[in-house]
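In: sequence and predicted model, in that order:
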Amino acid sequence: MIGPDEFYEWHEQPRQGDIVLSGISRIIAEDHRSPSQWESLDAHFVQIDDAWDDGKPLGIAAGIGLAMVVTHDCQLDKEWNQRVRELQKGGMAEEQAGLEAASDPTLDRTLVVSPLVDPDEIRGGRGNLLAGKVIGYLPVPAHPEDLVEECVVDLTYQCTVDRLDVIKVASISEAARKRLRYALIQLDALRTAELGFEIEAIVGRTIREVEIPARDPMAIRIQLDNGQVIELLQQPVLQLLFFGL
Amino acid sequence: MRSRLRARPASRLDEPDVSAPWSILQLADTFAKRESSTTTRLGMPFVVSDIDDLLPGTERMTSAVVGRSRQFWRTYVSSTETGISYTNAPLSVKEEVQKLRDDIARRTRLTRQQIARALGVDRRSLSAWVKGVATPSMEKLERLQLLADVVRDIDATGPGRATEVLLSRAEGQDLLDHIAAGHFRRPSDWQLLQGATLPRTVVHRHPAKRPLHQNALEAYLRGELHPLGRATTIRPESDYQQDLTKAERIMPDEPVRKSRPGYR
């Protein structure tokens, strides 16, 4: 785990990786069961009777907690940028269009966040979790001003919240954001991070360099230590890895 | 022996004639051909060889209403096989409309114009249905049935309130207009439009240990932390467009020699 000085870095504007104080909720079954790591988040249970129209209730567990914004930066501004572009096409100056779009409270309202949880409440071992060895969890060091304890972001719990209803607590450095993106990719798309080692074992050589040609970003060129090159057609997920990191 | 059957759509306003978990189609004065020797006594099962044989007799019904009758015929056949009896005579569509209209009028002080408004038609159309000059569509017939059910539902919570409730305004229009606009999924929806909320249960659980967010929450309550809000972005969209020129510089796109053994 990287230290607090490398991990935390204040940025005024909303960014992926921001740590916020937010409401968090999830849909639950009638028995109100909470996995142990989420018990502290499930402070309130709300059951709407007959929500399904056939007598079946709808259950929601909700609470306040610390969470990390996992929405990518470009998604945070998407509607704002679209509105600015529309206004500019209509003849408005860029600065004025930006102010006009910023005054619209309906744009870019939602964020996806994942809660921060106590590693002692998660199976997998505190050491492994804080070392970043467990897929689905991102280690977070203690905040220098004690706003956040040493914990992990539980990326397996993602919740959509309104950005007007969250309190910004801290933001993180580029190095920490890269780790977050890699953890997200590992969880949702790339479980085979050892693919490179497997290729080396098969061909009996060491990979010296991997290239993705700019003109053909779906291709991967693997350069081996003897100068040979293997060209592969990558799956879209690998392209995500490349552009995300 | 030949019998004749007539059908009408079942009405949820009908007084139940049988002690069954559902309302069955009432039958009498049968005119459909029956090809079974099964007894015709009430309460005894009977068999219809082809359900479609029954339908031509549904005189003056639109195809939609015939379609609805078909469903109820099936309900009836199914139920009578279990020995359910029936007593009332069926109603034609115009009689059905009149019965529903009069029932609504009896339970409320709504004018015929107001009843028609809830169906999305004018008073003359409603009158024409009652006279049998015109036939309502399936949708209108169902809406009339819904209005009658809403009236009955309101009456159940407090007799005499129906007119006041139906003419009360919610979201810019009265409940009759809401019915006409198809905003009702079920008769009890008038309660939602009256500001009632769905019944709910709330349970609070106190955390066993100090929650992770406690320090941050206290800092927020002291005014040291602020909402994220909608801070104006300083990231123009071009920032997120792939810069191919830059990527080219980082990864020169040189010709590749495919030299893997066995590749050629």
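Out: Sure thing, it's come through.

In: run me through the strand neighbours of whichever strand in chain B runs longest, direction for each.
Out: In terms of residue count, the longest strand belonging to chain B (DSSP state E) is strand B:200-204. Applying DSSP bridges, strand B:200-204 is found paired with strand A:44-48 (antiparallel).

In: tell me which helix or strand comes right after the partner strand.
Out: strand A:58-69 (DSSP states H and E).

In: wait, does that following strand contact chain B?
Out: Yes - on the criterion Cβ under 8 Å from any Cβ of the partner chain, strand A:58-69 is in touch with chain B at A:Ile64, A:Gly65, A:Leu66. (Each C-beta comes from the backbone N, C-alpha and C, glycine too.)

In: okay, angle between the longest strand of chain B and strand A:58-69 too, please.
Out: 50 degrees (axes from the mean of the first three to the mean of the last three Cα atoms, to 10 degrees).

In: which of the residues in the helix or strand just after strand B:200-204 are buried?
Out: Downstream of strand B:200-204, the next assigned helix or strand under DSSP H and E is helix B:214-221. Residues B:Asn215, B:Ala216, B:Leu217, B:Ala219, B:Tyr220 are the ones in helix B:214-221 that count as buried (16 or more other Cβ atoms under 10 Å in any protein chain shown).

In: list of residues touching helix B:214-221?
Out: A:Leu21, A:Ile64, A:Leu66, A:Asp146, A:Leu147, A:Val148, A:Glu149, A:Ile167, A:Val169, B:Leu225 (Cβ atoms under 8 Å, 6 or more residues apart in numbering or on different chains).

In: what's the neighbour count on the last one?
Out: In other words, B:Leu225. By the criterion of other Cβ atoms under 10 Å in any protein chain shown, B:Leu225 has 19 neighbours.

In: so it touches A:Val166, yeah?
Out: No - if you go by Cβ atoms under 8 Å, B:Leu225 and A:Val166 don't touch, sitting 10.3 Å apart.

In: what do these two both touch?
Out: Here B:Leu225 and A:Val166 have A:Leu21 as joint contacts, going by Cβ under 8 Å, 6+ apart.

In: can you give me the helices for chain A?
Out: Applying DSSP state H to chain A gives helices spanning A:4-7, A:73-76, A:78-89, A:94-102, A:126-130, A:174-188, A:195-203, A:236-244.

In: among the ones you listed, which gets the worst mean confidence?
Out: When the helices of chain A are compared by mean pLDDT, helix A:236-244 comes last with a mean of 47.

In: any low-confidence regions in the chain?
Out: Looking at chain A here, since you left the chain open. For chain A, the stretches with pLDDT under 70 are A:190-195, A:217, A:234-245.

In: ah, no, chain B please
Out: B:1-90, B:196-199, B:230-264.

In: where is the longest helix in it?
Out: Counting by DSSP H, the longest helix found in chain B is helix B:138-157.

In: that one: which residues count as buried?
Out: Neighbour-count burial for helix B:138-157, counted by 16+ other Cβ under 10 Å, picks out B:138, B:140-141, B:143-154.

In: check which helices and strands the following helix or strand past it sits against.
Out: Using DSSP H and E, the helix or strand that follows helix B:138-157 towards the C-terminus is helix B:162-167. For helix B:162-167, the packing partners by 3 or more Cβ pairs under 8 Å, 6 or more residues apart in numbering or on different chains; DSSP states H and E come out as helix B:112-119, helix B:138-157, helix B:175-180.

In: out of the contacts of helix B:214-221, who's the most crowded?
Out: For these, neighbours tallied by other Cβ under 10 Å; top is A:Leu66, 31 neighbours.

In: beta partners of that residue?
Out: A:Leu66 has the following beta-bridge partners by DSSP bridges: A:Leu21.

In: pretty sure it contacts A:Val148?
Out: Yes - A:Leu66 is within contact range of A:Val148, at 6.2 Å (criterion: Cβ under 8 Å).

In: now for the two: what residues contact both?
Out: Residues touching both A:Leu66 and A:Val148 (Cβ under 8 Å, 6+ apart) are A:Ile19, A:Leu116, A:Val169, B:Leu212, B:Ala216.

In: export the residues you listed to CSV and tack on distance to A:Ala214?
Out: CSV is the format used below for those (distance: Cβ to Cβ, whole Å):
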residue, distance to A:Ala214
A:Ile19, 35
A:Leu116, 38
A:Val169, 39
B:Leu212, 44
B:Ala216, 43
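
In: between those, which is closest to B:Val165?
Out: Nearest to B:Val165, judged by Cβ to Cβ, of these is B:Ala216 at 47.6 Å.

In: how's chain A carved up into domains?
Out: For chain A, automatic domain parsing gives the domain ranges A:4-173, A:192-242.

In: ok, which of those domains comes nearest B:Arg117?
Out: Proximity to B:Arg117 (Cβ to Cβ) singles out domain A:4-173 among the domains of chain A, at 27.0 Å.

In: measure that closest one end to end?
Out: Distance across domain A:4-173, first residue to last, is 10 Å (Cα to Cα, to the nearest Å).

In: now stretch B:165-180
Out: Criterion Cα to Cα; first-to-last residue distance in stretch B:165-180 is 15 Å.

In: good, wrapping up.
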